[in-house]
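Visitor: what shape does this take:
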Amino acid sequence: MEFKHPEDCAVARDTLLLVEKCSHCFSWYDIESGERLRSVQLPDFPHEFVTDRAERHAYVGHYGVETSGHVGKGGHSLLQIDIRTSELVRSIDLSPFNRIHGLQMDRQDRLYALSEEKSTLLVLEQPAMDTAPCRAVPSGGIKSHLFALTQDGQTAFCMNLLSHTVTKVRPWDPLFAPVVCHPGQKPEGYCLSADEKTLFVSNRWSNTLSAIDTGTMEVRYSTASRDDVTRIYRSAAGHLFTSNYGDRSISVVDPETLNETAYLKLDDRAIALTFHPSKALAFISLDSDRVAVLDIDRLKILRFIETQKEPDVSKVVVLR
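Guide: Below is the predicted model of the structure:
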């Protein structure tokens, strides 16, 4: 198959950027046709990625092992990719910090990366040029896997898989002591409310969802979820979607109560979900090596995009 660079296309096209962690690459897919346009080979088992506001560069964390349940030292790098030229620009060595997983960027394009092994949040103030982190703060938990970040970058909320805690840290305040909350067993998925006053968390082993007051770090309310709820996402309209890995399903839940309001049974397990920036569509990465295109208004699968092995985190961008 002959692959095309996205910038070679005469007209703008919706493009799905996708990490395929067991094919060890970063790929571009045309959303309309499902065609794979290009892939860049990466070190084994890349996981999460973020892009800058201009969508010029993607930064991929080199986790280095297949899942959080696999042992091993893992990777210690950030991989910088030019989205339009489809080139791996460079690898940023973050040693001795390893198993790089959770990634976020604030509204100033400062990059935050979480070392799961060292339970440390790292900051690169100018990621396009920095060769090392400019600061690091302890997460205050153990096996820190993912984190939520306020838009100004002043506050982060770490999901700590082994201590079963969520911790509030301030990356730019070296004297701030982490504030700890215990919402349930194995908190992993997260999303912030639009006003950033509430942190929604999915607790995989408890099979619960929790709403945490970000000011006090107290659990406001919790409710039962479906089996093995791995992630929770907020749409532009404010609806909450959960991926239920054990139940092979997607749920829509009320942010005021966390009770389920709609449900979609899937044939496969949902790994990750992302929303289209302007259309009522979501893209669900599945463990059958496909991405489902979901009409979020009707909660109906429209079609599938065939992928390589283990599609994971994705993002929609418009490229020419």
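
Visitor: what about the strands in the stretch 201-320 of the chain?
Guide: Remark: strands assigned in the stretch 201-320 of the chain by DSSP state E, counting those that start in this stretch are 208-213, 219-224, 229-234, 240-244, 249-253, 260-265, 270-275, 281-286, 290-295, 300-306, 311-319.

Visitor: mind checking these for the one nearest to residue 143?
Guide: Closest approach to residue 143 among those (CB to CB): strand 229-234, 15.4 Å. From N, CA and C alone the C-beta is placed, and that goes for glycine too.

Visitor: neighbouring strands of the closest one in the sheet, and parallel or not?
Guide: Using DSSP bridges, the strands paired with strand 229-234 are strand 240-244 (antiparallel).

Visitor: where in the chain is pLDDT low?
Guide: For the chain, applying pLDDT under 70 flags the ranges 1-10.

Visitor: out of the strands of the stretch 201-320 of the chain, flag the one nearest residue 75.
Guide: Among these, the nearest to residue 75 by CB to CB is strand 311-319 (14.6 Å).

Visitor: what helices or strands is that closest one leaning on?
Guide: strand 13-20, strand 46-51, strand 270-275, strand 281-286, strand 290-295 (3 or more CB pairs under 8 Å, 6 or more residues apart in numbering; DSSP states H and E).

Visitor: next structured bit after the first one?
Guide: This means strand 13-20. Scanning forward in sequence from strand 13-20 by DSSP states H and E, the next helix or strand is strand 25-30.

Visitor: one step back: just name the most buried of the strands of the stretch 201-320 of the chain.
Guide: Highest mean neighbour count among these (mean count of other CB atoms under 10 Å): strand 240-244, with a mean of 25.

Visitor: what's in contact with it?
Guide: For strand 240-244, contacts defined as CB atoms under 8 Å, 6 or more residues apart in numbering pick out 189, 191, 200, 202, 209, 225-235, 250-255, 258, 270-273, 282, 284, 296.

Visitor: try 7 Å this time
Guide: By CB atoms under 7 Å, 6 or more residues apart in numbering, the residues outside strand 240-244 that reach it are 200, 202, 209, 225-235, 250-253, 255, 270, 273.

Visitor: stretch 199-215 too?
Guide: When contacts are defined by CB under 7 Å, 6+ apart, stretch 199-215 is touched by residues 148, 157, 166, 181, 183-192, 196-198, 219-225, 227-232, 240, 242, 253, 258.

Visitor: and the end-to-end length of that stretch?
Guide: In stretch 199-215, first residue to last residue: 10 Å (CA to CA, to the nearest Å).

Visitor: how about stretch 172-184?
Guide: From the first residue to the last, stretch 172-184 extends over 28 Å; the measure is CA to CA.

Visitor: number the residues from 23 up from this point.
Guide: All set: I'll call the first residue 23, so the last point we hit is now stretch 194-206.

Visitor: so how far is it from its chain's centroid?
Guide: The chain centroid and the centroid of stretch 194-206 are separated by 21 Å under CA atoms, centre = their mean, to the nearest Å.

Visitor: put together a markdown table for the strands of the stretch 223-342 of the chain, with distance to residue 139 on each row.
Guide: Formatted as a markdown table, the strands of the stretch 223-342 of the chain follow (distance: least, CB to CB, whole Å):
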| stretch | distance to residue 139 |
| --- | --- |
| strand 230-235 | 25 |
| strand 241-246 | 28 |
| strand 251-256 | 21 |
| strand 262-266 | 25 |
| strand 271-275 | 31 |
| strand 282-287 | 35 |
| strand 292-297 | 22 |
| strand 303-308 | 25 |
| strand 312-317 | 30 |
| strand 322-328 | 33 |
| strand 333-341 | 19 |
